[in-house]
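S.K.: Sequence plus predicted model, see below.
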Amino acid sequence: MFAVETLSLSKRYGKTDALRGLNFTVNEGEIMVILGPNGSGKTTLLMILCTILKPTSGTAKVVGIDVVEDGTKVREVMGIAFQEARGFWRHKPSSILRFHASMFDIDPAKRQDLIERTMKDLELWESRDKMFMHLSGGQAKRLETAKVLIQKPKLAIFDEPTSQVDLRGKRKIWDKIRELRDQGSTIIVATNEVREAEYLADRVTILHQGQRVVCDTIPKLKDAIAGGDIVEVDFEDPVSEKLVGSLNGLGGDVSLSPEGNQLRAKVSKAEDWVPKMTSASYVAGAKIASIRITEPSLDDVFLHFTGKALADQP
Amino acid sequence: MSQLSRLVRIARTDFSYFFRTKWLMAVLISLSLSDMLVVGLVYTRLIPASNAIGSSYFQFLVPGIVVVGLFSAATDTGRRIWLALREGVVQYYLTLPIRTRGLVGAYIISGGLGGIVYSGALLIIAYLSFMLFGAPIPVQGVLYALTLIPFLFVLSTGIAGLAAFFASVSRRGEIYWVYAQALQVSMVTVSTVFYPAQTIAQYLPAPVATIAEYNPLSLAAGVLRNSAFGGNALETGALANLLATSLPLAVIGALAYWIILRTIRLKGKP
């Protein structure tokens, strides 16, 4: 049984199709990252899974329970950290967490310890006397994550869990999400941040315009891109068209920046291509300032499968 | 945990919200006290005792102020629902393991509780001021007041229901404020809270007098005057009228709130 399974899932808002016949599965105990730009349907999918939204058509099941037919049971096994933190404005963080814990039957004897430990882990303890409305954006996001962590649900959903959170905080949240997976929860993380996806994902689903484009592990997704290595070369001065032409002849896909002094090439084997490129540059009199060899990023994977850059999407 | 205990927790959390807005509490209490102790006492000197108002205008007005307090506190439910919708708390509630009808019930109950607790406090202040200004309080009146609590609770849920309805149709905060004021004018002004039915019938058209007479606030104020402060036995007919006029309001509110939740589930927003 899948932890999450959707079949031909669609959601329409007026004339806009947010999801279009989505087939999507998540295995038990894995972290599935849904990667997609704003408007790709990520949040709509999560809102359907947590039963806030009803689908227009199709089915969605969480641990085998239909989200439309038995929403209350789904909510018993599921926890969500919203993209925009939701809390009682005039309550303190510990009071919000106590309420949340009580709604999910967390053992009252262990509740206070668990809340205190989680708040300390997420660096919220110092803000324990502030009201929710006085928390910073990052603190409110961490509180949102804390709700799910104390709940330890079978399915934990995080919608852009580290937006507005500083780098140190991001790493803490990511580690706690992985810890939750290790304790047996199935996790879905929706993000448009490539680094977050790379750090967390057991598998990645790329969502584009309400449809699943591809779903696999990150190494397999990267392997699927023709070439495999990316070589970025900075020249001291803009290079000639002639050199670009000869570099294109060496194999791979070469593109030049608009300024003409930065070159990006997707090649099969960087160790073969780079010596040829340096000698061609030497012959053309182009001075190389630096060379970087990298793997393709998930940005490249997204570009490869959708034809569009992740960052440029609306 | 059962659905009922989750409902109670949500109702309690929402109910506590009313008392967390300290500035609102301060304004409400000062308005109620000034109505009771300033307006009541000054007008008593201006308005002579009569069959319509009884032995003094103070004794006529104070039970009415208790009912107005119940009205104001119950109406605050609408403000809380409006804020909860905009701040996303309702969407959070929708992810909790409680049925939609449980959520609706929780809001209506918390509205009822807000009204009853606030007006209960005013009732105690009213009894104290009666004692202070030499007006007699029959002992059985206190017992009648306790008996009236469930009926006043239903009235409070009804008003909370109306407020929920207006919150659901208000796109902006100031629009809700306008609706709340309109509700106050129509329910409090066209009632026998401040003036007796005979006076209304003398100066206003008959339909207005009839509306004022069967206004649930008038009925509640009448029962309080007659029994809680007058010591006369509770009349079944008056209590039945109070229930009959309050319950439909509570149903309207429950329906309105249920429609809000359903709309969120379909459109993602209220």
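M.R.: All right, it came through fine.
S.K.: how about the helix or strand of chain A with the lowest mean pLDDT: buried residues?
M.R.: When the helices and strands of chain A are compared on mean pLDDT, DSSP states H and E, strand A:253-256 comes out lowest with a mean of 80. For strand A:253-256, a neighbour-count test (16 or more other C-beta atoms under 10 Å in any protein chain shown) marks A:254, A:256 as buried. Heads up, the C-betas are built off the backbone N, CA and C, glycines and all.
S.K.: Report the distance from the next helix or strand after that strand to the chain centre.
M.R.: Once the chain leaves strand A:253-256, the next helix or strand it forms, by DSSP states H and E, is strand A:262-267. The chain centroid and the centroid of strand A:262-267 are separated by 26 Å, computed with C-alpha atoms, centre = their mean, to the nearest Å.
S.K.: again, but for stretch A:2-18
M.R.: On C-alpha atoms, centre = their mean, the centre of stretch A:2-18 falls 19 Å from the chain's centre.
S.K.: List the buried residues of it.
M.R.: A:3, A:4, A:5, A:6, A:9, A:10, A:11, A:17, A:18.
S.K.: Pull up the pairing partners for whatever helix or strand residue A:189 lives in, direction included.
M.R.: Using DSSP H and E, residue A:189 maps to strand A:186-191. Strand A:186-191 has the following sheet partners, assigned by DSSP bridges: strand A:31-35 (parallel), strand A:155-159 (parallel).
S.K.: can you put those strands in JSON lines and add distance to residue A:50, mean pLDDT and mean neighbour count?
M.R.: Listed next are those as JSON lines, based on distance: least, C-beta to C-beta, whole Å; pLDDT from 0 to 100; neighbours: other C-beta atoms under 10 Å in any protein chain shown:
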{"stretch": "strand A:31-35", "distance to residue A:50": "14", "mean pLDDT": "96", "mean neighbour count": "26"}
{"stretch": "strand A:155-159", "distance to residue A:50": "6", "mean pLDDT": "97", "mean neighbour count": "25"}
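S.K.: For the closest residue to residue A:228 other than its chain neighbours, what are phi and psi?
M.R.: Nearest non-adjacent residue to residue A:228, counting by C-beta to C-beta, 6 or more residues apart in numbering or on different chains: residue A:268, 6.0 Å away. Phi and psi for residue A:268, reported as degrees, to the nearest 10, are phi -70, psi -50.
S.K.: where does residue A:268 land on pLDDT?
M.R.: Residue A:268 is assigned a predicted lDDT (pLDDT) of 76.
S.K.: would residue A:11 count as being in a strand?
M.R.: Yes - counting by DSSP: H, G, I helix; E, B strand; the rest coil, residue A:11 is found in a strand.
S.K.: State the pLDDT value of it.
M.R.: Predicted confidence (pLDDT) at residue A:11: the value is 96.
S.K.: a markdown table please, covering the buried residues of stretch A:2-18 and showing distance to residue A:286.
M.R.: Converted to a markdown table, those look like this (distance: C-beta to C-beta, whole Å):
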| residue | distance to residue A:286 |
| --- | --- |
| A:3 | 53 |
| A:4 | 52 |
| A:5 | 54 |
| A:6 | 52 |
| A:9 | 52 |
| A:10 | 53 |
| A:11 | 52 |
| A:17 | 49 |
| A:18 | 49 |
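S.K.: Closest one of those residues to residue A:176?
M.R.: Nearest to residue A:176 among those is residue A:3, at 19.2 Å by C-beta to C-beta.
S.K.: Can you report how many residues lie near the nearest residue to the closest one once chain neighbours are set aside?
M.R.: The shortest distance from residue A:3 to any non-neighbouring residue, by C-beta to C-beta, 6+ apart, is to residue A:186 (3.8 Å). Residues near residue A:186, counting by other C-beta atoms under 10 Å in any protein chain shown, number 26.
S.K.: mind listing what residue A:186 touches?
M.R.: A:3, A:4, A:26, A:27, A:28, A:29, A:30, A:32, A:154, A:155, A:156 (C-beta atoms under 8 Å, 6 or more residues apart in numbering or on different chains).
S.K.: quick one: residue A:240 and residue A:280 touch, right?
M.R.: No - Residue A:240 lies out of contact with residue A:280 (C-beta atoms under 8 Å); the separation is 11.2 Å.
S.K.: More neighbours: the two, which one.
M.R.: Per other C-beta under 10 Å, whichever of residue A:240 and residue A:280 has more neighbours is residue A:280, with 16 against 13.
S.K.: got the buried residues for whichever helix or strand that one is part of?
M.R.: Taking DSSP H and E as the criterion, residue A:280 maps to helix A:270-284. Within helix A:270-284, the residues that count as buried by 16+ other C-beta under 10 Å are A:270, A:273, A:274, A:277, A:280, A:281.
S.K.: now stretch A:83-98
M.R.: A:83-98.
S.K.: closest to residue A:234 among the residues you listed?
M.R.: If you rank the buried residues of stretch A:83-98 by distance to residue A:234 using C-beta to C-beta, residue A:83 comes first, at 37.1 Å.
S.K.: ok, the closest residue to that closest one other than its chain neighbours to residue B:3 distance?
M.R.: Spatially, and ignoring its direct neighbours in sequence, residue A:83 is nearest to residue A:159 (4.1 Å; C-beta to C-beta, 6+ apart). Remark: distance between residue A:159 and residue B:3 (C-beta to C-beta, to the nearest Å) = 27 Å.
S.K.: Which positions in the stretch 51-200 of chain A make contact with chain B?
M.R.: With the criterion set to C-beta under 8 Å from any C-beta of the partner chain, the stretch 51-200 of chain A comes near chain B through A:51-54, A:72-73, A:75-76, A:78-80, A:82, A:84, A:86-91, A:99, A:102-105.
S.K.: show me the contacts for whatever residue of the stretch 151-270 of chain B ends up closest to chain A.
M.R.: Using C-beta to the nearest C-beta, the closest approach of the stretch 151-270 of chain B to chain A is made by residue B:265 at 4.9 Å. Shown in contact with residue B:265 (C-beta under 8 Å, 6+ apart): A:52, A:53, A:54, B:94.
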